[in-house]
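K.L.:
Predicted structure and sequence below. I'll ask about it afterward.
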Amino acid sequence: PAAELAALDAAARVFHASMLEATRAVLRGLSLAMGMAPSALEERVFTAPSAKVLLVAYDPVERSELSCGSHTDCGFLTMLCSRGGRGLQAAP
């Protein structure tokens, strides 16, 4: 199991770095959409990012069912990676 854990750790670190880059791209897009310089938001809110990777697999549910229930994610941005699932439902 030690080799498998090391491989999982390495893959998670690569994924984490990739998600940080994706977040930077989203911040650039948001900055531009608000008429700001491309780096404006990154310079203000992403100078020392505290980011976590949470790997979760939820069982499929019927449309009328809730999977993990109503909750608030911590942090600035939640990026959901899904393969064909219904994904995230956001509420105001």
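P.N.:
Arrived safely, thanks for sending. Numbering: from 1, shown residues only.
K.L.:
For the chain, which segments count as helices?
P.N.:
Secondary structure of the chain by DSSP state H: the helices cover 2-33, 40-45.
K.L.:
among those, which is the most enclosed?
P.N.:
helix 40-45 (a mean of 15; mean count of other Cβ atoms under 10 Å). For glycine as for every other residue, the C-beta is placed from the backbone atoms N, C-alpha and C.
K.L.:
That one packs against which elements?
P.N.:
helix 2-33 (3 or more Cβ pairs under 8 Å, 6 or more residues apart in numbering; DSSP states H and E).
K.L.:
Show me what the helix it packs on is packed up against.
P.N.:
helix 40-45.
K.L.:
residues in contact with the residue nearest the centre of the chain?
P.N.:
In the chain, the centroid-proximal residue (Cα atoms, centre = their mean) is Met79; its distance is 2.6 Å. The neighbours of Met79, taking Cβ atoms under 8 Å, 6 or more residues apart in numbering as the test, are 19, 22-23, 26.
K.L.:
try 10 Å
P.N.:
Neighbour list for Met79: 19, 22-23, 26, 51, 53, 88 [criterion: Cβ atoms under 10 Å, 6 or more residues apart in numbering].
K.L.:
cool, and Arg24?
P.N.:
Contacts for Arg24 (Cβ under 10 Å, 6+ apart) come out as 39, 41-42, 46, 49.
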